[in-house]
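*Asks:* What follows is a predicted structure for the sequence shown.
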Amino acid sequence: LVIPQYLTSYCQNECVYCAYRVSNSGTPRRRLALSEFEREFRMILDWGYRQVELVLADDPAFPAERVASYVRLARHWMDRAGGGKIAVNGPAYQGAQYHLLAEAGLDWLALWQETYQEDQFLKWHQVPSPKAHFRFRLDALDRALRAGIPQVAPGLLFGLADWRLDVLRLMQHCRYLQ
């Protein structure tokens, strides 16, 4: 069982389907301070969870360097609790940024491709959002593995495009990554 722990709900992207999109001024926003994160993370460990996914939107105030500090703190407390797995589910990064996360103790990376159909992807991810770069996102899991993150997990959002084609491409992507 994987429990999510949200770090920030601020986002610079304009994903049409997402409540966190930058233009949605009605969504309450929050950034979790490191001390708040530590308190919540320790509570999650006290509940017995040993697989935690740190979730964040594409928040410019939360670059990979800042996320790495959260991963380091999580790794410290996870190891003191007897071990477990730490994941990040956030924006697509450059290889050097994934390397920082690997060095901080990240065990695996979750990344939603949303859809493998580029024309549909661009329909749902509006330019000039950083996320609107289909190929950069598609190649992110390669960059993460090359940077030393031991496991990756791609994901889909059903309802954005033909699910049958997306599932087939997801399976092909997983085979390629293996």
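*Replies:* It's in.
*Asks:* didn't Val88 look like it was pressed against Asp107?
*Replies:* No - checked against CB atoms under 8 Å, the pair Val88 and Asp107 is beyond contact range at 9.4 Å. Bear in mind the C-beta positions are built from the backbone N, C-alpha and C, glycine included.
*Asks:* Could you check which of the two has the larger neighbour count?
*Replies:* Between Val88 and Asp107, Val88 has the larger neighbour count (other CB atoms under 10 Å), namely 28 against 18.
*Asks:* Kindly confirm my reading that that one is in a strand.
*Replies:* Yes - under DSSP: H, G, I helix; E, B strand; the rest coil, Val88 falls within a strand.
*Asks:* give me every residue that touches the nearest residue to it once chain neighbours are set aside.
*Replies:* Distance criterion CB to CB, 6 or more residues apart in numbering; nearest residue to Val88, sequence neighbours excluded, is Leu54 at 5.0 Å. Counting by CB atoms under 8 Å, 6 or more residues apart in numbering, Leu54 touches Pro4, Gln5, Leu7, Val67, Tyr70, Val71, Ala74, Ile86, Ala87, Val88, Asn89, Gly90.
*Asks:* What number of residues are in the vicinity of the fourth one?
*Replies:* A count of nearby residues for Val67, using other CB under 10 Å, gives 24.
*Asks:* what's the helix or strand for it?
*Replies:* helix 64-80 (DSSP states H and E).
*Asks:* cool, the first one as well?
*Replies:* Per DSSP H and E: Pro4 is located in strand 3-8.
*Asks:* Can you name every helix or strand that whichever helix or strand comes after that strand contacts?
*Replies:* The helix or strand immediately downstream of strand 3-8 is helix 34-46, counting by DSSP H and E. Counting contacts by 3 or more CB pairs under 8 Å, 6 or more residues apart in numbering; DSSP states H and E, helix 34-46 is packed against strand 3-8, helix 64-80.
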